Each structure stands twice: as C-alpha cells, then as structure tokens.
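1. output the structure for:
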Amino acid sequence: MGVRFLGALLFCLLLPLSVLADDKPSAGGQLTAHEEDRHPAASVPAAAGEARLPAHVETHHVLQLGDKSLAYTATAETIPLTDGKGETTAAIFTTSYLADRAAAARPVAFVFNGGPGAASVFLHLGALGPQIVETPGNGAPPMAPVKLIDNPNSWLGFTDLVFVDPVGTGFSRGKGKDENPDKPFWNVRSDLNSLSQLARLWLTRHDRWASPVYLVGESYGGFRAAALSKTLADDVGIAVSGVVMVSPALDTRILHPDVSNLMVSAFELPSYAAVAAALGGQARADHATAERFALTDYLTGLSQLPNEPDAKDPFLARVAALTGLPEDTVQRERGRVSSDAFARELRKGQHQILSLYDATVTRPTTGNPWDDHAGDLILDGATAAYTAAFDIYAPEALGYRTDLQYWALHHETAQQWNWEAADHGHGGLGLALASLQSALLAHPQMKVLIANGRYDLVTPYFASRWLVDQLSLPDSVRKQIAPRVYEGGHMMYMRPASRAALAADAAALFAGRDAAAAE
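-> Numbering: from 1, shown residues only. So this is what the prediction gives:
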C-alpha cells in the first residue's frame with residue numbers, strides 16, 4: 001500500500017509466542033504438526049491474558065496453473081528476532097509457499113508492502129499468492145462479502161514466496177518492557193535491519209541458502225526493496241538476484257516538497273492528463289506529449305509565472321486543457337495543482353471525487369467536495385476487503401487460528417515513523433536510489449522491474465521513470481532495469497488484466513531475460 005499513508009493513513013498487543021494444541025486441518029489442505037522440536041526458539045511462553053499464536057503450521061495444497069498442476073506447501077509461522085544478549089525483541093509473522101519436489105536452485109522471493117504500516121496481505125491476496133480476492137475489472141475495490149479464488153497468475157509458478165509482515169503489522173509484534181515495544185522498529189534503519197535478519201533466519205531455517213533471492217515490495221515496500229538490495233549483501237551476506245518494485249516510493253523527499261521543488265508537479269502532470277483522457281472517454285491518449293511538456297515548457301512556465309497570473313494566461317490555459325480542469329481552478333492553484341485539488345475539482349460538476357490510488361475510480365461527493373472527509377474509496381475499501389479476506393483465509397486455508405487481530409494497516413506506525421535516514425545516500429540520491437545504484441554496480445547481473453499504474457496519484461509513474469534515469473550506470477547495467485506502466489493505479493493488480501501483465505513481466509525477470517527483450 002501507498003506512501004499516502006504518511007498523510008491519509010499514515011493495535012498493538014504485546015506478542016507472546018506459544019503453540020496451540022487444538023489446531024485442525026483446513027478444508028483446503030492437510031495440516032501437519034507444529035515443529036517445536038525442529039525450531040525450539042520459535043515458541044515462547046505467553047503471559048496470562050496475552051494473545052497466543054501458533055509458532056509453525058503447515059498445510060499442503062495443489063494449484064492449477066494453465067494445464068499444469070503445482071503441488072506446494074504453505075507455512076504460516078512466527079520467527080523471533082533477538083538482540084545481542086539473546087533476548088527476544090520481536091516476532092515477525094510470515095506466510096511461505098514452497099513448491100513440492102522443486103529443484104534446490106528454485107528462487108525464493110521475500111515480499112512486503114509499504115505504508116509504513118501495511119502488512120503484506122495486499123500483495124499476498126491481491127496479486128502474487130495462490131489465492132486472491134476476486135476484484136472487478138475497473139480497479140474498484142471488491143464489495144462485501146469478499147470472495148477468494150484460485151490465482152491463475154500466481155507467482156508461485158516461477159518462484160517460492162515468503163510474505164513478510166514488518167513489526168507492528170499483521171500478526172508481527174515487538175516484545176519487551178517498553179510501553180510500545182513495536183516503536184523501536186519504526187524507523188528506516190531498524191526496519192531494514194529487522195528485515196535483513198528475518199531473511200537470514202528464514203533461509204537458515206528452511207535450508208535455502210543455495211537459492212537465488214529476490215525482493216518484491218510495494219510503495220514504501222519498494223523503498224525497502226531498493227535499500228535492502230545493498231543492506232542484505234553488506235550485513236548478512238545475501239546477494240540479491242533481482243528486485244521488483246510496485247508503485248515504489250523511491251525518494252521520500254518528494255512527498256512533502258518545498259516551494260522550490262517544481263519537479264513534483266511535473267511528475268504528477270502526465271497522470272492528470274491520462275486520468276482526464278480516460279474519464280473523458282478518449283480511447284487513445286497522447287501520453288508522450290504530456291510527458292514531454294511536463295519536463296520542458298511546463299517547468300519553464302511555472303518558474304516564470306507572475307505572482308498574480310492573468311486568468312487568460314496561455315500557459316495556464318494549456319495546463320487546463322491538458323488536465324481537464326477549469327481555467328479558474330488552474331489559475332487559483334498557480335499551475336501547480338495538488339493531487340488533492342485534482343481529485344476534488346476534476347469531476348466537481350458531476351458531484352464525484354476521485355480516488356488518489358486510481359483516479360479513474362470515483363465515488364459520490366457533497367456539493368462542495370472540499371467539505372468531504374469520507375475517505376479514499378480504494379484505500380479504505382481495499383483495506384477492509386483484504387483484512388476480511390485474510391481473516392477468512394488464515395484459518396480455512398492455512399490452518400492458522402488465533403484471537404490476535406490481524407492489522408492490515410496500522411495508522412500509528414505511519415504517524416510515528418522516523419524518516420531521518422531516508423535522505424542519506426551518495427550524491428543526494430537518497431538511501432533507496434543510492435543503495436540500488438550500488439547494488440547494480442556490485443552485482444551487474446541483478447535485474448530490476450519497476451511497475452507503476454498510469455492513474456496513480458500517490459506515487460506517479462513519471463516520478464519512478466525520472467528518478468531511475470538519474471542513476472549513474474553504464475548502459476550494460478542500465479539494460480537490466482525494466483520500467484513498466486500498466487492500466488490502473490497504485491494497486492494496478494486489482495485489475496485482472498494488469499495483474500496478468502505484471503505476472504508475465506515478473507516471470508521474464510525471474511527467468512533472467514533482458515529487460516529490453518521483454519518489452
């Protein structure tokens with residue numbers, strides 16, 4: 001989920017670990033015994049009155065992918081992290097899917113969402129896992145009651161999958177005597193360190209150090225994936241074979257730009273134009289023209305705009321024509337239309353407000369949309385849908401039963417997140433981009449897929465493209481990067497056609513095909 005959690009989104013019981021003895025097999029698979037003997041550290045006694053979690057539960061399933069059947073094992077488990085004194089500091093919940101009778105060299109992908117504060121359930125039950133929530137074709141969130149279906153585009157067809165819920169999300173919790181034991185993990189460095197240790201422990205527990213390792217992250221999870229591509233190699237000895245970033249937040253400084261940062265408005269403009277064309281019924285929008293204007297005449301026009309521009313200023317008229325907004329709105333905003341203003345003003349006459357997560361999806365609004373505080377249709381709808389879906393899926397498919405609440409989205413995490421280390425990086429690139437650049441230079445065969453939705457106003461596709469272009473890489477390395485734009489928004493995978501296209505592009509990356517050849 002998206003970086004807009006910093007403003008729009010952006011729960012915590014102490015997590016003890018224990019083994020429940022009365023788990024029963026799910027309807028969808030055969031449940032095996034807990035494995036305390038194999039993983040003795042995974043079980044920690046629970047204090048009286050605290051919620052209890054199974055430490056390790058396995059079920060066995062078969063997934064039909066086209067004309068082939070894939071037998072796999074699903075493992076839901078909590079993995080404890082410890083400090084230098086050997087004391088448990090947190091327990092991280094993961095759901096793993098491993099193909100049965102697979103070659104030892106089968107890749108394994110660690111998957112996480114963003115926020116900060118989002119659990120992995122969005123990518124898990126939205127795009128990659130063996131089962132997903134059924135969604136309509138237009139990108140709107142599913143209506144209750146949700147329906148889980150087999151995923152014909154599951155990434156399990158080409159990689160084993162490990163879905164990771166960072167501390168303070170899902171069932172993952174900090175442990176200690178602090179009033180909020182999750183909070184020490186709510187900063188950029190501690191988050192990366194905990195995920196690095198989680199990856200190391202998982203590979204050790206599952207005997208998978210010989211497997212190629214991939215990272216998949218959405219939104220702030222994309223920031224995590226880019227930063228981890230270097231951190232994993234430096235800190236725990238894991239050389240990453242590939243990175244997939246879905247709607248990534250590659251530079252956190254553009255989230256709250258100052259008045260001198262004109263680039264943020266330029267990044268948003270092509271998405272505005274695409275949304276206006278789509279809602280206006282244009283079958284073939286001229287995306288190239290909007291992109292060219294955004295980096296040329298638009299920047300020049302903004303920098304030269306007088307303090308009180310004339311209502312008939314030709315520059316403002318051009319912006320209005322491109323974005324579909326009234327000229328007086330563009331004049332009021334002085335050409336720099338925020339995403340909130342665009343979402344409220346574009347369909348104001350139709351009494352509709354746009355979702356920031358896919359601006360072609362609208363809902364009814366009041367006569368004055370600026371008085372509307374009903375929330376974002378996709379963010380709120382998807383959060384409710386995927387929370388309910390996991391509450392169904394965990395006991396029925398995974399055989400994982402607990403009274404602890406599964407937090408798909410944790411608002412407090414975003415509100416208290418310490419971003420200080422995010423801006424650190426060589427040459428002003430910031431931590432994520434600098435780490436990605438270093439990892440690509442150190443491991444020039446590493447492949448990168450950057451997936452964006454065309455109608456995303458949270459992390460616009462044009463920002464990803466421009467930021468990656470700033471990396472100082474030779475052509476032989478740059479060709480390993482594949483930028484892709486799909487129909488849809490921040491969670492473009494909620495559209496079945498885009499979900500299938502994303503899976504096909506990811507399969508090409510995991511197969512080692514060059515980015516240029518996959519286009």
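
2. from Val361, how far out is the residue nearest the centre of the chain?
-> By C-alpha atoms, centre = their mean, the chain has its centre lying nearest to Glu218, at 1.8 Å. Per C-beta to C-beta, to the nearest Å, Glu218 is found 18 Å from Val361. Yep, even glycine has a C-beta here, placed from its N, CA and C like the rest.

3. next one: Leu123, what pLDDT does it get?
-> Per-residue pLDDT puts Leu123 at 98.

4. thought it was touching Val246?
-> Yes - here Leu123 reaches Val246: they are 7.2 Å apart, a contact under C-beta atoms under 8 Å.

5. list the helices and strands the helix or strand hosting Val62 packs on?
-> Element membership for Val62, per DSSP states H and E: strand 56-65. Contact here means 3 or more C-beta pairs under 8 Å, 6 or more residues apart in numbering; DSSP states H and E; on that basis strand 56-65 packs against strand 30-31, strand 68-82.

6. strands of the stretch 351-500 of the chain, start to end?
-> Ranges of strands in the stretch 351-500 of the chain, per DSSP state E, counting those that start in this stretch, are 352-354, 362-364, 447-453, 481-486.

7. ok, residues contacting the last one?
-> If I follow you right, that is strand 481-486. 440, 447-454, 461, 464-465, 468, 492, 495, 498, 501-502, 505, 509, 515, 518-519 (C-beta atoms under 8 Å, 6 or more residues apart in numbering).

8. now do the buried residues in the strand holding Val62.
-> Buried residues in strand 56-65, counted by 16 or more other C-beta atoms under 10 Å: His56, Val57, Glu58, Thr59, His61, Leu63, Leu65.

9. then stretch 97-113?
-> Neighbour-count burial for stretch 97-113 flags Tyr97, Leu98, Ala99, Arg106, Pro107, Val108, Ala109, Phe110, Val111, Phe112, Asn113 (criterion: 16+ other C-beta under 10 Å).

10. could I get the residues you listed as JSON lines with pLDDT, distance to Phe158 and secondary structure?
-> Conversion of the buried residues of stretch 97-113 to JSON lines gives the following (pLDDT from 0 to 100; distance: C-beta to C-beta, whole Å; DSSP: H, G, I helix; E, B strand; the rest coil):
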{"residue": "Tyr97", "pLDDT": "98", "distance to Phe158": "12", "secondary structure": "strand"}
{"residue": "Leu98", "pLDDT": "97", "distance to Phe158": "13", "secondary structure": "strand"}
{"residue": "Ala99", "pLDDT": "96", "distance to Phe158": "10", "secondary structure": "strand"}
{"residue": "Arg106", "pLDDT": "94", "distance to Phe158": "9", "secondary structure": "coil"}
{"residue": "Pro107", "pLDDT": "97", "distance to Phe158": "8", "secondary structure": "coil"}
{"residue": "Val108", "pLDDT": "98", "distance to Phe158": "11", "secondary structure": "strand"}
{"residue": "Ala109", "pLDDT": "98", "distance to Phe158": "9", "secondary structure": "strand"}
{"residue": "Phe110", "pLDDT": "98", "distance to Phe158": "15", "secondary structure": "strand"}
{"residue": "Val111", "pLDDT": "98", "distance to Phe158": "14", "secondary structure": "strand"}
{"residue": "Phe112", "pLDDT": "97", "distance to Phe158": "19", "secondary structure": "strand"}
{"residue": "Asn113", "pLDDT": "97", "distance to Phe158": "21", "secondary structure": "coil"}
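
11. can you list these in a markdown table and add distance to Leu128?
-> A markdown table is the format used below for the buried residues of stretch 97-113 (distance: C-beta to C-beta, whole Å):
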| residue | distance to Leu128 |
| --- | --- |
| Tyr97 | 9 |
| Leu98 | 14 |
| Ala99 | 14 |
| Arg106 | 15 |
| Pro107 | 13 |
| Val108 | 13 |
| Ala109 | 8 |
| Phe110 | 11 |
| Val111 | 6 |
| Phe112 | 11 |
| Asn113 | 11 |
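
12. among these, which one sits closest to His256?
-> Nearest to His256 among these is Asn113, at 21.2 Å by C-beta to C-beta.

13. ignoring the adjacent residues along the chain, who's closest to Gly176?
-> The shortest distance from Gly176 to any non-neighbouring residue, by C-beta to C-beta, 6 or more residues apart in numbering, is to Thr89 (6.3 Å).

14. with Pro184 as the reference, measure out to the one you found.
-> Counting by C-beta to C-beta - Thr89 and Pro184 are separated by 7 Å.

15. for Val468, same thing?
-> From Val468 to Pro184 the distance is 32 Å (C-beta to C-beta).

16. between these two, which has more neighbouring residues?
-> Val468 (21 against 15; other C-beta atoms under 10 Å).

17. residues in contact with stretch 84-93?
-> For stretch 84-93, contacts defined as C-beta under 8 Å, 6+ apart pick out 15, 17, 44, 53, 76-83, 164-167, 170-176, 181-182, 184-185, 194, 198.

18. ok, back up a step: need phi/psi at the residue nearest to Gly176.
-> phi -110, psi -20 (degrees, to the nearest 10).

19. ok, the one 3 residues further on next?
-> With angles defined as degrees, to the nearest 10, Ile92 sits at phi -110, psi 130.

20. okay, helices next: where are they in the stretch 151-300 of the chain?
-> Assigned by DSSP state H, counting those that start in this stretch, the stretch 151-300 of the chain shows helices spanning 188-205, 220-231, 263-279, 287-294, 297-304.

21. hey, which of the helices and strands packed on strand 56-65 is tucked in deepest?
-> Mean neighbours per residue, mean count of other C-beta atoms under 10 Å, is largest over those for strand 68-82, with a mean of 19.

22. distance between that one and the chain's centre?
-> Centre-to-centre, strand 68-82 and its host chain are 20 Å apart (C-alpha atoms, centre = their mean, to the nearest Å).
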